[in-house]
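In: coords below, sequence missing:
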């Protein structure tokens, strides 16, 4: 398997994990809210229910963010060749290797960091070609290759 499609698939798996975790947490919060029973403590019932609802809402927001990342990743064709730093590019630099797509950190099994196109390092390198240089955090970064 070519490297860019493998990196793209690793990013997709990262997103799917986030969606599954958010979905599970939402279901647990919903079950917790539903299982709250009235007690002689008065407001304890309502407080517990509200806390469970807030937790469910927080996890719903996490799932929505993950779904937005999924839509962003879907717009990238990992098979497309890139000659400039842009979404979908695999960039080798003097600082390391970056897959410009979504912010997923270092991808398991690869010496590559997945970063969003809006990430500071990607913004600094945007539009550059192999052999060109940019400043990032006050230091020069050389683009060695763009795939």
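Out: Looks like it arrived, so ask away. Quick caveat, the model's predicted, so the values are computed rather than measured.
In: could you use CA atoms for every contact and neighbour count after this?
Out: OK.
In: what is the helix or strand residue 123 falls within packed up against?
Out: Here residue 123 is covered by helix 120-125, with elements defined by DSSP states H and E. Judged by 3 or more CA pairs under 8 Å, 6 or more residues apart in numbering; DSSP states H and E, the packing partners of helix 120-125 are strand 133-136.
In: any idea of the mean pLDDT in the helix holding residue 123?
Out: Across helix 120-125, pLDDT averages out at 96.
In: any buried residues in it, and which?
Out: By 16 or more other CA atoms under 10 Å, the buried positions in helix 120-125 come out as 121-122, 124-125.
In: helices or strands up against the longest strand anywhere in the chain?
Out: Longest strand of the chain, by residue count under DSSP state E: strand 139-146. When contacts are defined as 3+ CA pairs under 8 Å, 6+ apart, strand 139-146 sits against strand 90-93, strand 133-136.
In: direction included, what does it pair up with?
Out: Sheet pairing here is set by DSSP bridges, and for strand 139-146 it gives strand 90-93 (antiparallel), strand 133-136 (antiparallel).
In: which stretch among those is buried most, on average?
Out: Mean neighbour count (mean count of other CA atoms under 10 Å) peaks for strand 90-93 among these, with a mean of 23.
In: hmm, back to that, run the chain-centre distance for the helix holding residue 123.
Out: The chain centroid and the centroid of helix 120-125 are separated by 16 Å, computed with CA atoms, centre = their mean, to the nearest Å.
In: who touches it?
Out: With contacts defined as CA atoms under 8 Å, 6 or more residues apart in numbering, helix 120-125 is touched by 85-86, 100, 115-117, 133-136, 143.
In: let's go with 10 Å and repeat that
Out: Applying CA atoms under 10 Å, 6 or more residues apart in numbering, the external contacts of helix 120-125 come out as 84-87, 91, 93, 95, 98-101, 115-118, 126, 132-137, 141-143.
In: related to what we said a few turns ago, what comes up buried for the longest strand of the chain?
Out: For strand 139-146, by 16+ other CA under 10 Å, it's 141-146.
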